[in-house]
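J.: turn this into a model:
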Amino acid sequence: MSRRDERGDPLRDPALYSSRELGQLAFQFRVLALAQDPSVPLLERLRFLCISCTNLDEFFEIRAATVRQAQDFDLPLGPEAMPPAVVLERIHERAAELVEAQYRCWNEVLCPALDEAGVRVLAANRWNARQAQWLRNYFRDEIMPVLSPLALDPAHPFPKILNKTLNIVVEVHGKDAFGRAGHLAVVRAPRSLPRIVRLPPRVSGGEHDFVLLSSILSAFVGDLFPGLEVRGAYQFRVTRNSELIVDEEEVENLALALRDELAGRGYLRAMRLEIAADCPTPVVDALLGNFELDANAVYRIDGPVNLNRVIQVYDLVQRPELKYPPFQPRPLPGSDAMFERMREGDILLHHPYDAFTPVLELVRQAAADPNVLAIKQTLYRTGEDSAIVEALVDAARRGKDVTAVVELRARFDEEANLGFADRLQEAGVQVVYGVVGYKTHAKMLLVVRREGRALRRYVHLGTGNYHAGTARQYTDLGLLTADPDIGADVHQIFQQLSGLSSGVKLKRLLESPFTLHAGLLKRIEREARNARDGREARIVARMNALNEPRVVRALYAASQAGVGIDLVVRGACTLRPGVPGVSDNIRVRSILGRFLEHSRAYWFCNDGAPELFCASADWLERNLLRRVEVAFPILDPALAARVKAEALDNYLADNVDAWLLQPDGSYVRATPAPGEAPHSAQETLLQAVAGGRE
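T.: Numbering: from 1, shown residues only. Take a look at the predicted model:
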């Protein structure tokens, strides 16, 4: 492998970098592997299959759309410098392999296993006469009245097809009452219709028998064309670009501009066409022409085109033995008096093993406490009916000064964030929409409380969102602290976000886009210098993704200097480990299991005086250079040791749920060595929670 490019820097060689887009597709294969894993409970396997399908939708909506835009301007992609046309071709190849694997898993593995367990999702070829009659009646009574079939002719142009909606294209022959010759018609499934229908036990004989709306439409769509011959009916779905583009510097009101953009999001440029496998080529070509797509955008589907909709079965079937066993997170002793508890010392929360309740309690108690003067909080994703939002509303109504920095551009949560921002403003909360050009992704909560003659600051900093639901499904780290320096830093960042301020000098925190990137490079280079000088040097870091070129080059240089580097990167990683002479000392692993790995933690040996940071930021260009992010140190030695043990070393020991990144960009699943006991990082932490209750 060549080590040099035209600028002479061997570490800039494009061959040393993997494609971020192909790395994201590789991650979806790892998710799908959980659906194929017989050791995972059956309904959880179904859930993982649906997650891989939903993730692939988002990939086409965002990443593939970005590549297509780069192709429009003939811009090479990333440090790997691959032409966009080449990337799109490889995306199609890998995505086609993934789709084939998804439907093979559904048709050959999960469907038969679900049948055996008494949970049936019945395709039309499996209906008996009684079921077919009930479904025909259901179609005529519940579905047919809301459908509007549209024949395609000069007076009826192709209808606008909304992003990711279910549609049927129908081949119709014969003449209607007006003498018009039939050819093609389109039937759109309104979003008001349920995508999965449970059959009554009296009809089906089973308690958990389901039929997808797509199967019902395909079977009975001929009833919409009386007197005509329906020669074929084929499901299809189009995926569109969903990246909103708002020129923030040209708009006077970001919220109004975003509302306008959201109205048209569902009809942006088409990226992918999913179509029934048996659809004739001329019909496919007609759809491609309408959506202005080429043949590389077609994915022929052996099953329902909206397979991710089967996720509803997970919630509809109450069979505990087919799901992960329930668990109760650890409560925090003394959380009924959070201010007193935080004054005793810093508190580390490792979700979902530790309850999210202490964070909710801090906001609730701050809202009710007459000594609390102000509450400031960033909100990126909160979920519906958020207890955090309700507590902020309560605080404002009680006369406290409440500021919420709401990130309106949180992808796919824009509409929800606009809604709760309006609610906060109506209650008297000062709502700030962050900084023009920079998403506010930092997770910060600041409470200012009068205690005697002084004011004290109480702070929560986290790696995850203020979302009680995901706090039970994602792994994240949070710090509750009354440390004066950290409190002063957080106060300055809030001042920076809500007002006008030049660069601020922080004592403890690292902040993007100002000091975090430089701070990481400085610490990586310090480890390299220590290694060259014969001192202790090592880096262990955990994140969701890695692609920032200068960070990758710094890690390569540190590896060449002899620094041992272990990275736990859940998703895409453009760094190539194990390349002789470049990254021999770098190891990269991805962990996938019951919970979505979302924690970010960075540990630097520093010649035996280690530094450990937790952060809201991945090591991506966007996080380090184009977002407001915060990395916070764990100053208490005992808590730092706990993060190192639970969130880093524990994951490096995983030989069950780990996937090891190879120099060529592929992944190999880890297995216990001969004589080595199996070790699952997540299961180890779950057992620790259970053991603490015994």
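
J.: average pLDDT for the lengthiest helix in the chain?
T.: As assigned by DSSP state H, the longest helix anywhere in the chain is helix 84-104. Summarised as a single mean, pLDDT over helix 84-104 is 96.

J.: what does it rub up against?
T.: For helix 84-104, contacts defined as Cβ atoms under 8 Å, 6 or more residues apart in numbering pick out 19, 21-22, 25-26, 28-29, 32, 49, 52-53, 56, 59-60, 64, 67-68, 70-71, 74-77, 296-297, 299, 301-303, 307. The way it works is simple: take the backbone N, C-alpha and C, and place the C-beta from them, glycine included.

J.: buried only: go through the residues you listed for me.
T.: Neighbour counting over those (16 or more other Cβ atoms under 10 Å) leaves 19, 21-22, 25-26, 28-29, 32, 49, 52-53, 56, 59-60, 64, 67-68, 70-71, 77, 297, 299, 301, 303, 307 as the buried ones.

J.: those in strands, which ones?
T.: Judged by DSSP state E, these include 299, 301 as members of strands.

J.: restricted to helices, list the buried ones among the contacts of helix 84-104.
T.: Among those, the members found in helices (DSSP H) are 21-22, 25-26, 28-29, 32, 49, 52-53, 56, 59, 67-68, 70-71.

J.: tally up the residues packed near Gly452, please.
T.: As a burial measure, Gly452 scores 7 neighbours (other Cβ atoms under 10 Å).

J.: ramachandran coordinates for it?
T.: In terms of degrees, to the nearest 10, the main-chain angles of Gly452 are phi 70, psi -130.

J.: what residues sit buried inside stretch 396-405?
T.: Buried, per 16+ other Cβ under 10 Å, within stretch 396-405: 396, 400, 402-405.

J.: just give me the closest of those residues to Leu660.
T.: Nearest to Leu660 among the buried residues of stretch 396-405 is Val405, at 39.1 Å by Cβ to Cβ.

J.: note down every partner strand of the helix or strand hosting that closest one and its orientation.
T.: In the assignment (DSSP states H and E), Val405 maps to strand 401-406. Strand 401-406 pairs in its sheet with strand 372-379 (parallel), strand 430-432 (parallel), by DSSP bridges.

J.: ok, residues contacting the shortest one?
T.: By Cβ under 8 Å, 6+ apart, the residues outside strand 430-432 that reach it are 401-406, 421, 424-425, 497-498.

J.: pick the one among those residues closest to Ala561.
T.: Minimum distance to Ala561 across the contacts of strand 430-432 is 38.0 Å, recorded for Leu497 (Cβ to Cβ).

J.: report the angle between the helix or strand containing the closest one and strand 401-406.
T.: For Leu497, the host element (DSSP H and E) is helix 484-498. Computed by axes from the mean of the first three to the mean of the last three Cα atoms, to 10 degrees, the angle separating helix 484-498 from strand 401-406 equals 70 degrees.

J.: circling back to that earlier point, elements contacting the helix or strand just after the strand holding Val405?
T.: Next helix or strand after strand 401-406 toward the C-terminus (DSSP H and E): helix 414-426. Contact partners of helix 414-426 among helices and strands, from 3 or more Cβ pairs under 8 Å, 6 or more residues apart in numbering; DSSP states H and E: helix 254-264, helix 387-397, strand 401-406, strand 430-432.

J.: using PDB, write out every CA atom in helix 414-426.
T.: What follows is helix 414-426, C-alpha atoms only, in PDB (Å, rounded to 0.1, in the frame of the first residue of the first chain):
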ATOM      1  CA  GLU A 414     -37.600  19.200  14.100                       C
ATOM      2  CA  GLU A 415     -41.400  19.200  14.200                       C
ATOM      3  CA  ALA A 416     -41.500  17.900  17.800                       C
ATOM      4  CA  ASN A 417     -38.900  20.500  18.900                       C
ATOM      5  CA  LEU A 418     -40.900  23.300  17.300                       C
ATOM      6  CA  GLY A 419     -43.900  22.100  19.300                       C
ATOM      7  CA  PHE A 420     -42.400  22.000  22.700                       C
ATOM      8  CA  ALA A 421     -40.400  25.300  22.000                       C
ATOM      9  CA  ASP A 422     -43.800  27.000  21.500                       C
ATOM     10  CA  ARG A 423     -45.100  25.400  24.700                       C
ATOM     11  CA  LEU A 424     -42.100  26.700  26.700                       C
ATOM     12  CA  GLN A 425     -42.400  30.200  25.300                       C
ATOM     13  CA  GLU A 426     -46.100  30.300  26.200                       C
END
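
J.: pull out the buried residues from that helix.
T.: 414, 417-418, 420-421, 424.

J.: tell me which stretches of the stretch 201-350 of the chain form strands.
T.: Assigned by DSSP state E, counting those that start in this stretch, the stretch 201-350 of the chain shows strands spanning 208-212, 229-240, 270-276, 298-301, 347-351.

J.: any regions of the stretch 551-694 of the chain where pLDDT drops low?
T.: By pLDDT under 70, the weakly predicted segments of the stretch 551-694 of the chain are 692-694.

J.: I meant the chain, not that one.
T.: Along the chain, the parts satisfying pLDDT under 70 run over 1-7, 153-156, 176-182, 244-265, 409-413, 500-502, 692-694.

J.: now do the domain split for it, please.
T.: The record assigns the chain these domain ranges, following automatic domain parsing: 1-117, 123-316, 335-505, 511-693.

J.: which stretch of helix or strand covers Asn137?
T.: Assigned by DSSP H and E, Asn137 falls in helix 129-138.

J.: which parts of that helix are buried?
T.: Residues 131, 134-136, 138 are the ones in helix 129-138 that count as buried (16+ other Cβ under 10 Å).

J.: now it against strand 208-212, angle please.
T.: Using the same axes, to 10 degrees: helix 129-138 against strand 208-212 is 50 degrees.

J.: pretty sure Arg538 contacts Ile565?
T.: Yes. With contact defined as Cβ atoms under 8 Å, Arg538 counts as touching Ile565 (7.4 Å).

J.: in terms of neighbours, single out the busier of the two.
T.: Remark: of Arg538 and Ile565, Ile565 carries more neighbours, 22 against 18, as counted by other Cβ under 10 Å.

J.: helices or strands next to the helix or strand hosting that one in the packing?
T.: In this structure, Ile565 is located in strand 564-569 according to DSSP H and E. In terms of contacts (3+ Cβ pairs under 8 Å, 6+ apart), strand 564-569 is packed against strand 538-543, helix 549-561, strand 586-591, helix 650-652.

J.: could you list the residues in contact with it?
T.: Contacts of strand 564-569 (Cβ under 8 Å, 6+ apart): 537-546, 555, 558-559, 573, 575, 577, 585-591, 597, 648, 651-652, 661.

J.: now that strand - C-alpha only, CSV.
T.: This file holds the C-alpha atoms of strand 564-569, laid out as CSV (Å, rounded to 0.1, in the frame of the first residue of the first chain):
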residue,chain,number,x,y,z
GLY,A,564,-1.1,1.6,22.3
ILE,A,565,-4.5,2.8,21.1
ASP,A,566,-7.8,1.0,21.7
LEU,A,567,-11.0,2.5,20.2
VAL,A,568,-14.5,1.4,20.7
VAL,A,569,-16.4,2.8,17.8
